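S.K.: need the 3D shape of this:
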Amino acid sequence: MDSVLGDDLTLPVDINGSCRLPDSLDAGDYSTDSMTAPSFPDKMSPIKALTMKDYENQITALKKENFNLKLRIYFMEERMQQKCDDSTEDIFKTNIELKVELESMKRELAEKQELLVSASKALESLAGRESGEPHRLREQAQREMDSLRDAFNRRIADLEQSLRTAEEEVEKMAAIAEQEKLKNINMEKQLQDLSPSSTFPPFPSPVQDLQQALQEKDNIIEQLKITLKNQEAEIHQKRSADQQTDGPSADGVKQLSDLIAKKDQELDVSFS
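M.R.: Below is the predicted model:
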């Protein structure tokens, strides 16, 4: 705000050089009703010519209007600083450009005011000479001043509309950020509820069931392999014993065949 009001001696300035307005000052005291063009009761007519006093009154009114504009800009910037967030960098850039443009227009207005003062003095000095020429010049100066005031009022209205649009964008982005924050909180809560450290036992997933079943199958297969090795060793011992005798009896061969078939059947069931 110092960049906007730094060169205006009509505003209060503290020891640090920054503009500080009274706490009792409110943006409502400077509404759009106070921004209308000042009325001049002594505005010249085709009969009555404006004097130096009239021009000074007009310049004073323009200064007052300029002061009101600066106050409105101050409150707009203050409000934008309160509402803007880090995620609104583009809006900040747009507002800065608008502020720079406003500052340039205010300087141009001050230069025009100085030119009007010089013109009024020149017209006052020519008042005693030809009556037609000063009157024409005064009318021309008045028209230029009215046209300049209207142009500035239109431009300021456009800038105010741009600022309002920027504020709406900031509010929308703040609402979206709040929604995302709530979503993140809900997701974190759900993750905490589903975590192993939760008081509720986790639901078994199909993958875990399959892994457990495969582990049980592997254990059964391993046990069957061990049993098969033991049976094979026992069969080998019996065959060796039969070979040492006259030959294996029919009952011994049948018993061994039944044992091998049983083990093969157990293996088939465990793999199915």
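S.K.: quick one: mean pLDDT over stretch 169-176.
M.R.: Computed over stretch 169-176, the mean pLDDT rounds to 76.
S.K.: likewise for stretch 99-112?
M.R.: 84.
S.K.: same check, this time on stretch 52-71
M.R.: 89.
S.K.: just the buried positions in that stretch, please.
M.R.: 54, 55, 57, 58, 59, 62, 65, 66, 69, 70, 71 (16 or more other CB atoms under 10 Å). Where C-beta positions appear, they are placed from N, C-alpha and C, glycine not excepted.
S.K.: show me which pair in these is furthest apart.
M.R.: Greatest spatial distance in the buried residues of stretch 52-71: 54 and 71, 26.3 Å, computed using CB to CB.
S.K.: in the protein, where's the longest helix?
M.R.: Longest helix in the chain, counting residues (DSSP state H): helix 132-194.
S.K.: hey, which helix or strand in this structure has the poorest pLDDT?
M.R.: helix 2-5 (a mean of 42; mean pLDDT, DSSP states H and E).
S.K.: pipe the buried residues of stretch 52-71 into a markdown table and attach distance to residue 103 per row.
M.R.: Converted to a markdown table, the buried residues of stretch 52-71 look like this (distance: CB to CB, whole Å):
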| residue | distance to residue 103 |
| --- | --- |
| 54 | 30 |
| 55 | 26 |
| 57 | 27 |
| 58 | 23 |
| 59 | 21 |
| 62 | 17 |
| 65 | 16 |
| 66 | 12 |
| 69 | 11 |
| 70 | 10 |
| 71 | 15 |
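S.K.: out of those, which sit inside strands?
M.R.: Applying DSSP state E to the buried residues of stretch 52-71, no entry is found in strands.
S.K.: the helices in the stretch 1-150 of the chain, which residues?
M.R.: 2-5, 52-83, 89-125, 132-194 (DSSP state H, counting those that start in this stretch).
S.K.: kindly reformat those helices as a markdown table containing distance to residue 222.
M.R.: Formatted as a markdown table, the helices of the stretch 1-150 of the chain follow (distance: least, CB to CB, whole Å):
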| stretch | distance to residue 222 |
| --- | --- |
| helix 2-5 | 83 |
| helix 52-83 | 70 |
| helix 89-125 | 65 |
| helix 132-194 | 35 |
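S.K.: now for the ones you listed, which one comes closest to residue 233?
M.R.: Across those, closest to residue 233 is helix 132-194 (CB to CB), at 51.5 Å.
S.K.: secondary structure element for residue 225?
M.R.: helix 206-244 (DSSP states H and E).
S.K.: what mean pLDDT does that helix get?
M.R.: On average, helix 206-244 scores 66.
S.K.: number of nearby residues for residue 166?
M.R.: Look at residue 166: counted by other CB atoms under 10 Å, it has 21 neighbours.
S.K.: now it: how far from residue 93?
M.R.: 10 Å (CB to CB, to the nearest Å).
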